[in-house]
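> Quick one: sequence and predicted model below, then my questions.
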Amino acid sequence: MGDTPGLLLVHGEESHLVDATVARWRAAIEGGDVEVIDAPSKLEPLIASLVDMPLFADSRHVLVRDLPQLSGARRGAAGVDELIHALGMRAPTTHVCFAVRALVAPTNPILAAVAASGGTVVRHDKLRPGDRRRWLDAEVRNRDLRLPPGSPDLLLRCTGGDLGAMAAELDKIVAHGGRPSLADLERLVAGTEQLELYRVLDLLAGPQPGAGAALLIDLVAEGRSTQYLLSILAGQLRDLLMAHALLLRGQGGAAALATAMRIPAWRAERVLRTAQSIPAVLALAWIRELQRIDAGLKAGDIDDAAALQRWGLSAAQSLSGRRARRTA
């Protein structure tokens, strides 16, 4: 068996760093056999996995991703006491990793139980702009890349500073030899700026919805096609509504969504995370307003740029207001 913590909870607003920590945990497991539980709607199967002894293996490894009772997607303490009790009863050969792509409140009883039992808690806070630049510089060194002057600024601009997007670009550079000229680098990342168009909904679903509205305002001000933006947002919201419908039918987890929606697993995970933050009632109201803007645009009755910017502000306010009421 590899050197993995018996009990690990990794959380934070930097999804890429959370995923990287989980990847290191999984890489330390001999044989790589891991039971993965995605955003369980009920705690009973998870509790059973914790207390059952492995029948044929020397050890068991359980990865629990985006547990609602940790991510804040579900209020109340139903089943939490039983889960904490199960964590205390788990066999020494059962290793558990909780991974949450959001900050877990310090007062959360599950986090407190993990810490009290000697488990490892890893927190990844949102990086500041300077920290993102230092992270990028370190990744360039780790990959032994030789980039021309101006490359970090280009990568930060094209990716919006998203760590996952920057890591993907560095992997692309490695695949092309790792020694590009600035002109070569510009060609390699030329399509990356389009990623910004898809980040609006991700940011709206994040801890600060206003960041999504701000990005949308900037994109419109830069002259990006409002029709293209409308199409992207409407498509993402349709996926979100379909995910909510499947979750209501009991088809939880990224694997089930990927199969039902006929989309790649990484995209299903992204939709699932968004569904946990944006309720169906809001998604439906948002897509109806986008349809109204689209109709007005085609009829020439509205200022489409201003209408889309107002949509972003309204969406952020509605989601922030809903969260404030839930925590009041």
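Right, received. Where do you want to start? Numbering: from 1, shown residues only.
> how long is stretch 83-95 from one end to the other?
End-to-end distance for stretch 83-95, by Cα to Cα, to the nearest Å: 15 Å.
> which residues touch it?
With Cβ atoms under 8 Å, 6 or more residues apart in numbering as the test, stretch 83-95 has contacts from 4-8, 29, 43, 46-47, 50-51, 53-54, 58-62, 69, 96, 109-110, 113-114, 117. C-beta coordinates here come from the backbone N, C-alpha and C atoms, glycine included.
> can you rerun that using 6 Å?
Contact with stretch 83-95 is made by 4, 6, 43, 47, 50, 51, 53, 59, 60, 61, 113, as judged by Cβ atoms under 6 Å, 6 or more residues apart in numbering.
> Among those, which one has the most neighbours?
The most neighbours of any of these, using other Cβ atoms under 10 Å, belong to residue 61, which has 25 neighbours.
> quick revisit: among the contacts of stretch 83-95, which lie within strands?
Among these, the ones falling in strands (DSSP state E) are 60, 61.
> between the contacts of stretch 83-95, which is nearest residue 149?
residue 4 (41.5 Å; Cβ to Cβ).
> Which ones among the contacts of stretch 83-95 lie within helices?
Secondary structure defined by DSSP state H assigns 47, 50, 51, 113 of the contacts of stretch 83-95 to helices.
> Against residue 319, how distant is the last one?
Same thing as residue 113. 30 Å (Cβ to Cβ, to the nearest Å).
> likewise residue 259?
Applying Cβ to Cβ to residue 259 and residue 319 gives a distance of 29 Å.
> Which one's more surrounded, these two?
The residue with more neighbours, out of residue 259 and residue 319, is residue 319; 22 against 14, by other Cβ under 10 Å.
> Give me the residues contacting the helix or strand harbouring residue 16.
For residue 16, the enclosing helix or strand under DSSP states H and E is helix 15-27. Under the contact criterion Cβ under 6 Å, 6+ apart, helix 15-27 has outside partners 4, 10, 12, 34, 97, 99, 101, 122, 124, 163, 164.
> list the contacts for the nearest residue to residue 320 once chain neighbours are set aside?
In this structure, residue 320 finds its nearest non-sequential neighbour in residue 209, 5.2 Å apart by Cβ to Cβ, 6 or more residues apart in numbering. Residue 209 is in contact with 316, 319, 320, counting by Cβ under 6 Å, 6+ apart.
> Check what pLDDT residue 209 gets.
Note on residue 209: pLDDT of 90.
> swap in residue 23?
Predicted confidence (pLDDT) for residue 23: 91.
> go on, residue 205?
89.
> Check residue 237 too.
Residue 237 is given a pLDDT of 94.
> My read is that it contacts residue 283, right?
Yes - here residue 237 reaches residue 283: they are 5.2 Å apart, a contact under Cβ atoms under 6 Å.
> Show me the shaky parts of the protein.
For the chain, the stretches flagged by pLDDT under 70 are 1-5, 32, 53-57, 72-78, 190-196, 266, 327-328.
> quick check: domain ranges of it?
7-124, 129-188, 197-327 (automatic domain parsing).
> now the second one, how far from the chain's geometric center?
In this case it means domain 129-188. Averaging C-alpha coordinates over domain 129-188 and over its chain gives two centres that are 22 Å apart (Cα atoms, centre = their mean, to the nearest Å).
> The last one now?
Using Cα atoms, centre = their mean, the mean C-alpha position of domain 197-327 is found 14 Å from that of the whole chain.
> Let me see the ranges of the helices in the stretch 201-328 of the chain.
Ranges of helices within the stretch 201-328 of the chain are 210-221, 226-248, 254-261, 265-277, 280-299, 304-327, based on DSSP state H, counting those that start in this stretch.
> Next, format those helices as CSV and append distance to residue 183.
Formatted as CSV, those follow (distance: least, Cβ to Cβ, whole Å):
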stretch, distance to residue 183
helix 210-221, 26
helix 226-248, 27
helix 254-261, 38
helix 265-277, 31
helix 280-299, 37
helix 304-327, 33
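> Please name whichever of those helices is nearest to residue 137.
Using Cβ to Cβ, the helices of the stretch 201-328 of the chain put helix 210-221 closest to residue 137, at 24.2 Å.
> Check which residues of the closest one are buried.
210, 211, 212, 213, 214, 215, 216, 217, 219, 220 (16 or more other Cβ atoms under 10 Å).
> Using PDB, list the CA coordinates for that helix.
This file holds the C-alpha atoms of helix 210-221, laid out as PDB (Å, rounded to 0.1, in the frame of the first residue of the first chain):
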ATOM      1  CA  GLY A 210     -20.400  39.300  -9.200                       C
ATOM      2  CA  ALA A 211     -17.100  38.100 -10.900                       C
ATOM      3  CA  GLY A 212     -19.200  36.400 -13.600                       C
ATOM      4  CA  ALA A 213     -21.200  39.600 -14.200                       C
ATOM      5  CA  ALA A 214     -17.900  41.600 -14.300                       C
ATOM      6  CA  LEU A 215     -16.400  39.200 -16.900                       C
ATOM      7  CA  LEU A 216     -19.500  39.400 -19.100                       C
ATOM      8  CA  ILE A 217     -19.500  43.200 -18.900                       C
ATOM      9  CA  ASP A 218     -15.800  43.200 -20.000                       C
ATOM     10  CA  LEU A 219     -16.400  40.800 -22.800                       C
ATOM     11  CA  VAL A 220     -19.200  42.900 -24.200                       C
ATOM     12  CA  ALA A 221     -17.100  46.100 -23.800                       C
END
